[in-house]
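Asker: Next input, structure requested:
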Amino acid sequence: MDSNKINASSVPHGTAGGLYAGDMEEPYPSLSDYHDYEPNLEFDDTELHHSEPIPNEIDSLQDIEPDSMPSPDFTMDHFDELAAEDNYDSLVSNSYPELDSDTTERFLNISSLGIVDVKGDDAAGRKIIVVYACKLPDINKIDHQLLLEYLIYTLDTYVEQDYSLVYFHYGLKSKNKPSLRWLWQAYRAFDRKYKKNLKALYVVHPTHFLKIISQFFRPVISAKFGKKLIYTNTLSELREYIELDLLSIPDEVKIYDKDITKSTDNKQLSPEAQIEEENPTKQFGASLEAIKLHHGEVIPPILRQCVRYLDNPDALEVEGIFRRSPNVQTIKKMKQDVDDGIMIEFSDPHQAAVLLKTFLRELKQPLLTYELYELVIDFQRTPKDKQLKQAYTIVNERLPEDNYNILKYIIVFLSKVMEREDLNKMTASNLAVVFGPNLIWPENKTISLADIGPINSFTQYLLQNHSKIFMT
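Answerer: Model prediction:
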């Protein structure tokens with residue numbers, strides 16, 4: 001069931017809410033990534049670091065630091081290779097015992113735990129099947145194979161009609177979590193007939209690491225199925241889709257939800273954000289924290305407006321886009337209007353391009369943060385065969401989640417610019433020269449000439465390898 005910044009949330013830094021939903025495909029949508037609170041849940045990833053991710057001798061994910069990350073080199077080819085091995089095929093066999101006349105008795109203990117429950121209809125008239133991780137007993141007190149059969153038995157009753165699935169992640173810990181092998185076996189067991197009529201899979205209270213796990217499985221999850229996956233960080237978000245009274249939500253889940261909501265509501269603003277309280281519509285020169293607080297979304301509105309305007313053939317094919325400057329006074333007036341909360345309109349692509357660069361350049365702290373400056377500068381010295389892993393680590397492990405989601409939003413858009421480089425003349429190298437110094441700078445604001453090359457080189461690497469680094 002644990003199917004960016006793994007949105008990422010997000011964003012992993014998952015998939016994050018409001019991230020260019022109408023303009024870019026985001027296979028892991030979420031209403032918001034508005035809190036950074038991570039519950040003390042454990043979900044280890046030992047198996048993600050093996051060249052064969054699900055070898056026979058590994059049965060569980062134990063004793064691994066929760067912040068460790070999967071290798072970005074894991075591709076569909078690895079799954080193809082594993083599928084060709086006899087021992088692997090036997091491991092994930094789709095053959096399950098027929099349910100005999102004693103079905104009720106066989107599943108009596110599993111059913112009494114309440115892990116799986118069938119509720120009433122949602123707003124669209126679809127049956128709701130609910131899974132509660134907090135009701136899973138210790139791994140030595142449950143037959144996971146029998147649990148899988150019970151899941152199949154339950155779903156078999158409803159797969160011929162549209163249905164929704166809700167998974168409450170809170171409560172999954174080391175002592176009760178199934179192995180990664182079991183998760184993979186479960187995914188294989190649910191063939192097309194189960195996925196066809198599944199209209200939505202809601203994952204409630206996801207952790208950032210859970211989104212990483214979903215990215216790990218992404219090579220074998222179809223894009224169509226991925227779009228059915230919806231992360232909801234709080235019960236209030238889930239309420240927008242399903243009436244909560246239908247779900248019999250356990251008290252411990254409700255208490256946890258209140259705790260994280262209270263924690264977010266009472267979160268102390270940084271001194272910068274407190275000062276910016278005086279001008280809630282300000283975006284240029286503001287902090288990302290304050291913009292998110294006042295505008296209620298991770299992607300700053302002016303950034304979204306610029307990208308949406310530029311994301312069309314007429315703009316993308318303009319020669320020298322991002323390298324030409326329109327009238328200075330016009331740009332100054334537009335910036336002031338944005339900060340005053342006045343809606344602006346662009347008359348040509350160069351205005352939007354300049355405002356996009358200006359917004360990034362005038363942030364209180366660079367998008368890639370001061371803390372990562374030395375790592376970015378040293379990136380060129382990383383051996384070629386380790387650069388992908390290092391770039392993945394910098395972006396996915398070290399960046400704050402909101403920064404990750406904004407960076408991904410920008411890089412995915414710039415990849416579209418590169419696709420038309422034959423017309424706009426903006427190669428990865430040219431875009432790196434333009435955007436590199438606007439994504440990161442040292443705390444003293446002055447970039448030495450010696451540092452410009454490494455910054456541009458790192459930016460170019462992100463652009464050329466965006467699909468592997470951001471899992472796009």
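
Asker: Check the burial of Ile447 by counting its neighbours.
Answerer: Ile447: 16 surrounding residues under other Cβ atoms under 10 Å. In this view, the C-beta of every residue, glycine as well, is placed from N, C-alpha and C.

Asker: what's near enough to touch it?
Answerer: Contacts for Ile447 (Cβ atoms under 8 Å, 6 or more residues apart in numbering) come out as Pro437, Trp441, Ile455.

Asker: Arg361 versus that one, what's the distance?
Answerer: Distance, Ile447 to Arg361, by Cβ to Cβ, to the nearest Å: 11 Å.

Asker: joint contacts of the two?
Answerer: Common neighbours of Ile447 and Arg361 (criterion: Cβ under 8 Å, 6+ apart): Pro437.

Asker: Not counting its neighbours along the chain, what's nearest Lys119?
Answerer: With Cβ to Cβ, 6 or more residues apart in numbering as the criterion, Lys119 has its nearest non-adjacent residue at 4.3 Å, and that residue is Ile128.

Asker: Kindly report the same for Gly125.
Answerer: Nearest residue to Gly125, sequence neighbours excluded (Cβ to Cβ, 6+ apart): Asp162, at 7.9 Å.

Asker: swap in Val318?
Answerer: Per Cβ to Cβ, 6+ apart, closest to Val318 is Pro349, 5.0 Å.

Asker: what's the answer for Tyr241, then?
Answerer: Tyr202 (6.5 Å).

Asker: what residues are up against Glu443?
Answerer: Each residue near Glu443 by Cβ under 8 Å, 6+ apart is listed here: Tyr370, Tyr373.

Asker: give me the element Tyr202 is part of.
Answerer: strand 198-204 (DSSP states H and E).

Asker: Next, the buried residues of that strand.
Answerer: Of all the residues in strand 198-204, those buried under the rule 16 or more other Cβ atoms under 10 Å are Leu198, Ala200, Leu201, Tyr202, Val203, Val204.

Asker: Redo those residues as CSV? Include pLDDT and distance to Phe168.
Answerer: Output for the buried residues of strand 198-204, formatted as CSV (pLDDT from 0 to 100; distance: Cβ to Cβ, whole Å):
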residue, pLDDT, distance to Phe168
Leu198, 82, 17
Ala200, 83, 15
Leu201, 85, 12
Tyr202, 88, 9
Val203, 90, 9
Val204, 92, 5
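
Asker: Need these in a markdown table (columns: distance to Ile115).
Answerer: As requested, the buried residues of strand 198-204 are exported to a markdown table (distance: Cβ to Cβ, whole Å):
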| residue | distance to Ile115 |
| --- | --- |
| Leu198 | 18 |
| Ala200 | 20 |
| Leu201 | 16 |
| Tyr202 | 16 |
| Val203 | 16 |
| Val204 | 15 |
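
Asker: May I ask which of the contacts of Ile447 has the most neighbours?
Answerer: Counting neighbours by other Cβ under 10 Å, Ile455 leads the contacts of Ile447 with 25 neighbours.

Asker: How much space separates it from Leu375?
Answerer: 11 Å.
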